[in-house]
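Trainee: Quick one: sequence and predicted model below, then my questions.
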Amino acid sequence: MADRLRVGFVGSGPATQSIHIPALSRLRDEFEIVHVCDVDASVAETVAGRVGARWSTTVGDLINDPAVDVVAICSPSGLHADHVDAACRAGVKAILCEKPLATSKLEAQMIADVSRDSGVPVVVGAMHRYDPAWQFAADHWGGLSEEVHSVRSSIVMPGGSRFEDFATEVLHRASPGKRDLGDPAVSAEALRGIIFGLIIHDLPLVRQLAPTVDRLHVAEFTGQTWVIVYEGSGRTVQLLGGMLGGWKPDWRLQACSATTSIDLEFAPSYVWAGSGRAAVTTGGATRELVRADYNGYEGEWRELASLARGDHDATVPLRDLIADVAYAVRIADLSTQAILGRVMA
Amino acid sequence: MTPTHVVRVFIENPDSQPHMSEVLMSLPLSLERSSSVAGAVAAIQGTRSWPASATRALAAGAIGIVINDPDPVPDSEIEPLRAMRQPVLLDQPYVSDPATELVRARWGELGTRTLLVESTLQAPVRSDPSSVLLHHAALVRAVVGSITSPTLLTISRYGYTAKAVLPPGAAVILTGTLTDAGLPRAEIHLLAAPHRLSAVIYPSSTARPATVSMVDAEGEVVLPSLYENGHRATWRRMLSCLADATVDDDLDDFVAHLATVGQLFVESGA
C-alpha cells in the first residue's frame, strides 16, 4: 500500500472525528492519515493517537510536513479561505475543504485564483453533490433541469448531537452558547448559520435547478423552524425545515416540471447509512435508486483521490465552486435583510 | 349493522355526478335512489348556481342536500340556504377525505404551539391554479382552523405559492404544483417541538387511503389507513346528521373560507 495518499487534517473537531476519519477507515486502500493538527493540543494528540498519526498545533507545521500529500481543512468556517490558501501555496496534491468553502464571494474568488495558479485541486465537502442519489437523479431526469418550475428542500432534524454520537465517540465537543433569539440581529445571524452550516449541503443541487436568486418572497426563522421562499430563473424555490427534538430525521430535496419530478431522501449528517434514496417519476412511472452502499462523504474522498492522482479533471470546476458560494451568500444576505428589515419597518 | 331506515337519494343531473353511482352501490343498506326530491336527500353538482338549486330542492321537500365540489359564490346567495336550517353538506376535494378530520383531531389533542405549517398540492397540468388554490386553502383551514393575513406570493400556469399566518404567529405556506409526473395529492406537515404531524391525502376518485403519521421524541405513530373516499365519507356524515337531527356547519365554514381566499386574490391583484 505504498502509494496510498497521506492525509493531514487541519482541525480535529466533530467533523473530523465523526465524518472524515470514519470515511477514511472505509477507504483504507486509498488513504492513510499521517498528521492531525488542532489548536487544542490534547485534542490533536488524542485524535492523532487513534489513527497512529503525528500531531501538531499549528497549520504551518501540518502543511509543511513533507509526509502530507493531501490536506483536509476542517477548521472553523471563517478560517477556511486562509487555510486553503496556505495549503495551495505549500503545493500539496489536493485539498478537501469542509463546507462552506468561503463565506463571501471575494474569499471564494481568492481560493479559486490560488487553486488555479498553484494547480492544486480543491473539493468542497458539500456531501449531497457527491451522493449517489443525486447522481442517479441527474442521470435519469431527462430535461428536468431546463423545464423545472418548483424546487423544495426540506430538512427536519432532531437537533443536538445525536447523529455525531451514532457515528463515533466525540472528544471535546464545544457546547453551544446561549443565544437571545428574541434579538433580531441574533436571530438573523442564527439563520445565516443554518444556511451556511446545514442548508448548504443542498444549495449546489438547488442552484443547478434554479441558477439565480432573483426575488425573495419569505424569510422567517422562529429559532426552531425556518422557511425561505424565492424565485430564481423562473423557478420557485422553498428552503424550509426545523430542529424539533422529535426522533425522526427527514431530509428531502424535490423538484418538479410539467412532466417529471424527482424526490430525494437523504440520510442525516454524520451517520453511515449509505446513500440517499432517489425517485424519478415521469408519466406516473417511477425509477428508483433504493440505496447505494456509500454516501456523499465517501464520494468526496473518492473524488479527491482521483484528482490527487490526476485521473481526471474536477467534477466540479472552480467557477462552480465560486458560484455556489455566491449563491449561498445571496440567499443569506437577502434572508437576514428581510428579518432585520421587518423589525426596522 | 343494519340501518333502521333507508335514506332516499335524488340525484340532480346524474351525468354530472358519476361518483354517485359508486356511493349508492357501496352503501346499499343506507341509501337508495329516488326519482323524486320530496323526502329525499338531494345530490347537487356544485356548479355556479348550486345555492339556488339547493334552495329549490329544500322548498320541494328535500330533507338534506349534498353539494359536490361547490364553486365559489357570493355570501348573499348562500344566506337563504343557511336560513332554512336544514342539513347541507359540502363534498370538497381533500377536505372530505376522512383523514382530514383525523389530522385535525390529532393535532387539536396535542395542544402544542405550532411553529410552521407547510402544505403542497400536486394537480394535473391542465388545472386552473386559482381553483386548485381554493381547494388547497380549504384543506388547510379544515385542519388548522382559521388563518389570517393570506398573501399570494406567486401564481402562474405551473402553480402558486401562498403564505398566511396561524395565530398567534406560525407561518403557513401553501404550494401548488401543476404536473403530470405523478398522482395528484395533497401533503400537509405541521411542525411543533417535538411533534411533527404529516399527512398525504389523495383525491376522492378512489378510496386510496391517506397516510398520516405523527413523530415525537419517543418514536413515530402511523394512524389507521381508512379505505374510504371523500364522497362516501360525506354521505356517511349526512346519514349521521339525519339520524342525530343535526345541521352541521359546512355552509358557515364555506363562507369563512371564501372570505379568506378572497383576500388572497384581492391583495395580490391576481
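Mentor: Right, received. Where do you want to start?

Trainee: Pull out the buried positions in stretch B:76-83.
Mentor: By 16 or more other Cβ atoms under 10 Å in any protein chain shown, the buried positions in stretch B:76-83 come out as B:78, B:81, B:82. C-betas here are computed from N, CA, C, even on glycine.

Trainee: In this structure the last one contacts residue B:253, no?
Mentor: So the one you mean is residue B:82. No: Residue B:82 is beyond contact range of residue B:253, at 11.4 Å (criterion: Cβ atoms under 8 Å).

Trainee: ok so, going back, could you export the buried residues of stretch B:76-83 as a markdown table, including distance to residue B:59?
Mentor: Formatted as a markdown table, the buried residues of stretch B:76-83 follow (distance: Cβ to Cβ, whole Å):
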| residue | distance to residue B:59 |
| --- | --- |
| B:78 | 16 |
| B:81 | 11 |
| B:82 | 15 |
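
Trainee: Tell me the one of the residues you listed nearest chain A?
Mentor: Within the buried residues of stretch B:76-83, the smallest distance to chain A is 33.0 Å, found for residue B:78 (Cβ to the nearest Cβ).

Trainee: check which helix or strand covers that closest one.
Mentor: For residue B:78, the element it lies in under DSSP states H and E is helix B:75-83.

Trainee: Send over the helix or strand of chain B with the lowest mean pLDDT as PDB, restricted to the C-alpha atoms.
Mentor: Using mean pLDDT, DSSP states H and E, the weakest-scoring helix or strand in chain B turns out to be helix B:250-268, at a mean of 84. Output of helix B:250-268 as PDB, limited to C-alpha atoms (Å, rounded to 0.1, in the frame of the first residue of the first chain):
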ATOM      1  CA  ASP B 250     -70.400  23.400   6.400                       C
ATOM      2  CA  LEU B 251     -72.000  26.500   5.000                       C
ATOM      3  CA  ASP B 252     -70.600  28.700   7.700                       C
ATOM      4  CA  ASP B 253     -67.100  27.200   7.100                       C
ATOM      5  CA  PHE B 254     -67.500  27.700   3.400                       C
ATOM      6  CA  VAL B 255     -68.400  31.400   3.800                       C
ATOM      7  CA  ALA B 256     -65.400  31.900   6.000                       C
ATOM      8  CA  HIS B 257     -63.200  30.000   3.600                       C
ATOM      9  CA  LEU B 258     -64.300  32.200   0.700                       C
ATOM     10  CA  ALA B 259     -63.600  35.300   2.700                       C
ATOM     11  CA  THR B 260     -60.100  34.000   3.300                       C
ATOM     12  CA  VAL B 261     -59.400  33.000  -0.200                       C
ATOM     13  CA  GLY B 262     -60.900  36.300  -1.500                       C
ATOM     14  CA  GLN B 263     -58.300  38.200   0.500                       C
ATOM     15  CA  LEU B 264     -55.600  36.200  -1.300                       C
ATOM     16  CA  PHE B 265     -56.700  37.400  -4.700                       C
ATOM     17  CA  VAL B 266     -57.800  40.900  -3.800                       C
ATOM     18  CA  GLU B 267     -54.500  41.700  -2.000                       C
ATOM     19  CA  SER B 268     -52.300  40.300  -4.800                       C
END
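
Trainee: Can you report how many residues neighbour residue A:148?
Mentor: When neighbours are counted by other Cβ atoms under 10 Å in any protein chain shown, residue A:148 registers 25.

Trainee: ok, now residue B:236?
Mentor: Neighbours of residue B:236 under the rule other Cβ under 10 Å: 16.

Trainee: Identify the bridge partners of the nearest residue to residue A:92 once chain neighbours are set aside.
Mentor: In space, and not counting its chain neighbours, residue A:92 is closest to residue A:71: 5.1 Å by Cβ to Cβ, 6 or more residues apart in numbering or on different chains. Taking DSSP bridges as the rule, residue A:71 bridges to residue A:8, residue A:95.
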